[in-house]
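Trainee: Got a predicted model here, sequence first, then my questions.
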Amino acid sequence: MTDDSTPAFFSQSHAPEDRQRWAVKIEYDGTGLVGWQRQKTGLSVQQLLEEAASRMAGGRTVPSITAGRTDARVHATGQVAHLDFPISLPLNPRAVRDGLSYHLKPHPVVVLQAASVDPTWSARFSATRRRYRYRLLNRPSRPGIEAGRVWHVRHPLDVPAMHAAAQSLLGTHDFSTFRAVACQARSPVRTLDRLDVTRGGEMILFDVEARSFLHHQVRNLVGTLQLVGCGRWDAERLRTALEARDRCAGGPTAPSEGLYLVGVDYDPDPFG
């Protein structure tokens, strides 16, 4: 994860006394969006969500913080954020969910659940685990329906070999080989709890879980494991690349459109 660079009022972990904090679970198609975070050009999920919340609040500013700042064209089925609404606004879970979803039209961003949370609760810092899924379509023909939602690889891939090699990456390591050069994280050390590679017909799924991730870590892991799947790398070379602690020693970065943030875990779960 990268450090938040928003102004103090927007990034503070404790909601001001004149605000009420709400957690929301969000689904979105990242195609055509510049990612979660506001950018100088292009539409972001954060901008769309905050503008929808502002309309509910009569034009007043409603800041948000997310559990994970997804990149351009990355999708989500279980993104989580918190919003600080004016305390005077009468709200309930259904009103927040349906009100935000209504004002988010016609964009492909929908609020699935909403829950009132303590002013000290943070979508980012209260998270205990983040879960990603990467979808790879493995067949000769290009995708039609799935275009923009998968990575298409034509040549056959050895899924058991990829899964077996992936298990050597579990645990706590310096993941410098699999972090973006522009990653802002203070430390490259992360603990990878799960990295499963499975096949369902023509679709190969990479399910990855950790408390936090480095920038592009999942996509770099998938891109490198694809080299194992096509026989260009073996498990030993993957381990050697990890130990090199050098991005140049790793494989390519898999395309963003195959990546999905599928869930964020909390204890207790605000959504019940």
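Mentor: Sure thing, it's come through.
Trainee: My guess is Ala241 contacts Thr177. True?
Mentor: Yes - counting by C-beta atoms under 8 Å, Ala241 touches Thr177, with 5.2 Å between them. Using the backbone N, CA and C atoms, a C-beta is placed for each residue, glycine as well.
Trainee: if you count what's nearby, which of those two comes out ahead?
Mentor: Under the criterion of other C-beta atoms under 10 Å, the comparison of Ala241 against Thr177 puts Thr177 first, with 25 against 21.
Trainee: what's near enough to touch that one?
Mentor: Neighbour list for Thr177: Asn220, Ala241, Leu242, Ala244, Arg245, Asp246, Arg247, Ala249, Gly250 [criterion: C-beta atoms under 8 Å, 6 or more residues apart in numbering].
Trainee: start to end distance for stretch 62-72?
Mentor: Start-to-end span of stretch 62-72 (C-alpha to C-alpha, to the nearest Å) is 23 Å.
Trainee: Compute the distance from the centre of it to the centre of its chain.
Mentor: Mean C-alpha position of stretch 62-72 versus that of the full chain (C-alpha atoms, centre = their mean, to the nearest Å) differs by 9 Å.
Trainee: Average pLDDT for it, rounded please.
Mentor: Stretch 62-72 comes out with an average pLDDT of 96.
Trainee: if we look at stretch 112-119, which residues are touching it?
Mentor: For stretch 112-119, contacts defined as C-beta under 8 Å, 6+ apart pick out 14-15, 19-27, 78, 82, 91, 93-94, 96-97, 100, 270-272.
Trainee: Where do the domain boundaries of the chain fall?
Mentor: 11-126, 129-262 (automatic domain parsing).
Trainee: Closest to Pro106 out of the contacts of Thr177?
Mentor: Distance to Pro106 across the contacts of Thr177 (C-beta to C-beta) is lowest for Asn220, with 34.0 Å.
Trainee: name the element the closest one belongs to?
Mentor: Here Asn220, judged by DSSP states H and E, is contained in helix 217-229.
Trainee: helix or strand right after that helix?
Mentor: Next along the chain after helix 217-229, taking DSSP H and E as the criterion, comes helix 235-244.
Trainee: what about the helix holding Asn220, distance to the chain center?
Mentor: Put simply, helix 217-229 sits 17 Å off its chain's centre (C-alpha atoms, centre = their mean).
Trainee: What are the buried residues along that helix?
Mentor: Applying a neighbour-count criterion of 16 or more other C-beta atoms under 10 Å, one finds 217-229 buried in helix 217-229.
Trainee: From the rest of the structure, what touches it?
Mentor: Helix 217-229 has contacts (C-beta under 8 Å, 6+ apart) with 132, 134, 136, 151, 153, 157-159, 161-162, 165-166, 169, 175, 177-180, 190, 195, 197, 204, 206, 208, 233-235, 238, 241, 247, 250-256, 258-259.
Trainee: Please give me every residue in contact with Ala127.
Mentor: Ala127 makes contact with Ala67, Val80, Arg211, Ser212, Val264, Asp265, Tyr266 under the criterion C-beta under 8 Å, 6+ apart.
Trainee: and those residues, which are buried?
Mentor: Among the contacts of Ala127, those buried by neighbour count (16+ other C-beta under 10 Å) are Ala67, Val80, Val264, Asp265, Tyr266.
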